[in-house]
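**Q** Give me a model of this one.
(one chain, ligands or ions: 1)
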Amino acid sequence: MKAPTFMIEDQLNDECERLETLAPIITAPIRHHVFVCTGKSCSAVDSAAVMAAFDQELRARNLLFGKEKKGKNPKGSIVLTECGSVGFCAVGAAVMVYPDGVWYAKVRASDVPEIVERHLLNGQVVERLALMQLPVESAQPELC
Ligand code: FES
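**A** Predicted coordinates for the structure are as follows:
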């Protein structure tokens, strides 16, 4: 006798396979998402250099998620993106690290190796730069 199948399981399996093709990031071991503000005020204190320093440091350690043809690692554990103003305009450059909810202020390119080494790799907030920490909610559901 044939085992019963459930339509919802088939749909989820099909959907997950399709999602893996459309968004390979869902199979990467992502641990952190780093946002660097490139709004007007943060740009005035050279947040572009902060962004470049993260990019360089994370690439050098093979941690930066992204396409191999762009020199990144498809199995990297850190996503790096720019963002718009978050309200730290007078204390930029602003850098946010999730899922930890840590908001760093007055970040300069020279601070980046310390944030990567201490926070991203060893889970220690760099307190001299941390201005705010949002409450962290419980674990998110696993979709695929
Ligand atoms: S411009 Fe970066 S926080 Fe406002």
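
**Q** From Leu64, how far off is Lys70?
**A** Going from Lys70 to Leu64 by Cβ to Cβ, to the nearest Å gives 9 Å. Glycine gets a C-beta too; all of them are placed from N, C-alpha and C.

**Q** cool, and Glu114?
**A** 17 Å.

**Q** do Ile25 as well
**A** The gap separating Ile25 from Leu64 is 12 Å, by Cβ to Cβ.

**Q** So for those two, which residue has more residues nearby?
**A** When Ile25 and Leu64 are compared for neighbours, Leu64 comes out ahead with 22 against 14, by other Cβ atoms under 10 Å.

**Q** was I right about the more buried one contacting Lys75?
**A** No: here Leu64 lies out of contact with Lys75, judged by Cβ atoms under 8 Å, at a distance of 10.8 Å.

**Q** Please report how far Pro99 lies from Val34.
**A** 11 Å.

**Q** Please say which of these two ends up with more neighbours.
**A** Val34 (23 against 14).

**Q** Now that one: closest residue in space that isn't a chain neighbour?
**A** Leu80 (5.0 Å; Cβ to Cβ, 6 or more residues apart in numbering).

**Q** tell me the contacts of that neighbour?
**A** Taking Cβ atoms under 8 Å, 6 or more residues apart in numbering, we find Leu80 in contact with 33-34, 36, 51, 54-55, 58, 64-65.

**Q** so which of the residues you listed comes closest to Val125?
**A** Val34 (13.5 Å; Cβ to Cβ).

**Q** Just the buried residues of the helix or strand encompassing the closest one, please?
**A** Using DSSP states H and E, Val34 sits in strand 32-37. By 16 or more other Cβ atoms under 10 Å, the buried positions in strand 32-37 come out as 32, 34-37.

**Q** now, which of the residues you listed lie close to the ligand?
**A** Cys37 (Cβ under 6 Å from any ligand atom).
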